[in-house]
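**Student:** next one to model:
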Amino acid sequence: MNDPFEIVGVRPELLERQAPEKENRWYQGVPWLSVIVLLIIAGGCLFCKWIMPKDPSYMDLKNYTVAPCREFLFGTDTMGRDIFSMIWYGGRQSLFIGFVATMISTGIAIIFGTVSGLAPEWLDMLLMRMTEILLSIPNLLLVIFLQAILGKANVLSLSLVIGITSWTSIAKVVRTEVRQLRSNEYVVAARCMGGGFFYILRKHLAPNFLSSIMFMVVMNIRSAIVEESTLSFMGIGLPLEIISWGSMLSLSEKALLTDGWWIILIPGAFLVVTLLAITGIGDYLRKELNKKESYL
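**Tutor:** Residues are numbered from 1 along each chain as shown. Here you go, the predicted structure:
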């Protein structure tokens, strides 16, 4: 007996061909190499106590500037510290700054952008002009200025300073999305029923714009790590006693004088590989977002 219901305008054999592609599309194009490399580096930094052969802060003055060998896999720096142990321990500090700074900047951006998107026209314009003024100032200059006010840098203060100076771009995207969503029926109904700001943000607004800012959030992690490394390299970031990839690179001048190429190359290689992995994941999220927008 023939099926009384038929799909008009589409041949059934075409639907059968497209079905497997739709089922498997979720993993197509995923940058697995970037994901695996980032997981290995993050896992090594997180569980560094179990893989560090030596104390990263111990200064073995008898073995300073030793090239990579069996005892010191990545060699030692100009103060005799084991670079292999410093890589994993210092990476934990750099990644911590990247993630904490991004959490702070994302939180500020979501709240500020939502307030601006729901505000009246005059207040929205005022808030956006303030955001554009902050965008016109170089971010690194703001970080240096605020860190100078706070005093000697540490992991938490540097995370805070980077976080409160890198939210403006995300806030502008959030504001644009909220202004498109605020006239929807479910948002209007929630406001009429007495729903508070954070309730509407959590239940109705955030689920609709989080995918739009996910790429920028991932790239903010990369930017925070770069800023920490740049400040430490310039000598105005973390002090030498606080080990990070940036503070390790700050020894580059002494390394060049002693021909210790491994002191610069190995930390720099870990930093570059981590940034490339984060960039690959962020680029994938950007492409997925563009695909979803094209479908709509």
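
**Student:** can you give me the helices for this protein?
**Tutor:** Remark: helices assigned in the chain by DSSP state H are 12-24, 32-46, 83-118, 121-136, 139-150, 155-163, 168-181, 185-192, 197-200, 206-233, 245-249, 252-257, 261-295.

**Student:** number of residues surrounding the closest residue in space to Leu231 that isn't next to it in sequence?
**Tutor:** Closest residue in space to Leu231, ignoring its immediate chain neighbours: Gly237 at 3.1 Å, by Cβ to Cβ, 6 or more residues apart in numbering. Placement of C-beta: from N, CA and C, glycine included. Close neighbours of Gly237, defined as other Cβ atoms under 10 Å, add up to 23.

**Student:** may I have the phi/psi pair for Gly237?
**Tutor:** Phi and psi for Gly237, reported as degrees, to the nearest 10, are phi -100, psi -130.

**Student:** any buried residues in stretch 30-39, and which?
**Tutor:** Buried residues in stretch 30-39, counted by 16 or more other Cβ atoms under 10 Å: 31, 34, 37-38.

**Student:** return the member of those residues nearest to Leu73.
**Tutor:** Val37 (18.8 Å; Cβ to Cβ).

**Student:** show me what contacts that closest one?
**Tutor:** By Cβ atoms under 8 Å, 6 or more residues apart in numbering, the contact set of Val37 is 273-274, 277.

**Student:** same check, this time on Gly280
**Tutor:** 31, 33-34.

**Student:** try 6 Å
**Tutor:** 31, 34 (Cβ atoms under 6 Å, 6 or more residues apart in numbering).

**Student:** so how far is Ser223 from it?
**Tutor:** 15 Å (Cβ to Cβ, to the nearest Å).

**Student:** ok, now how distant is the nearest residue to Asp77 once chain neighbours are set aside from Trp32?
**Tutor:** Once flanking residues are discounted, Asp77 sits nearest to Ile263: 5.1 Å by Cβ to Cβ, 6+ apart. According to Cβ to Cβ, Ile263 stands 32 Å off from Trp32.

**Student:** what do you get for Ala153?
**Tutor:** Ala153 is 36 Å from Trp32, by Cβ to Cβ.

**Student:** go on, Ile164?
**Tutor:** For Ile164, the distance to Trp32 - Cβ to Cβ - is 35 Å.

**Student:** likewise for Leu150?
**Tutor:** Leu150 is 41 Å from Trp32, by Cβ to Cβ.

**Student:** can I get the buried residues of stretch 30-39 in CSV with distance to Lys254 and pLDDT?
**Tutor:** Converted to CSV, the buried residues of stretch 30-39 look like this (distance: Cβ to Cβ, whole Å; pLDDT from 0 to 100):
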residue, distance to Lys254, pLDDT
Pro31, 37, 82
Ser34, 33, 89
Val37, 30, 91
Leu38, 30, 91
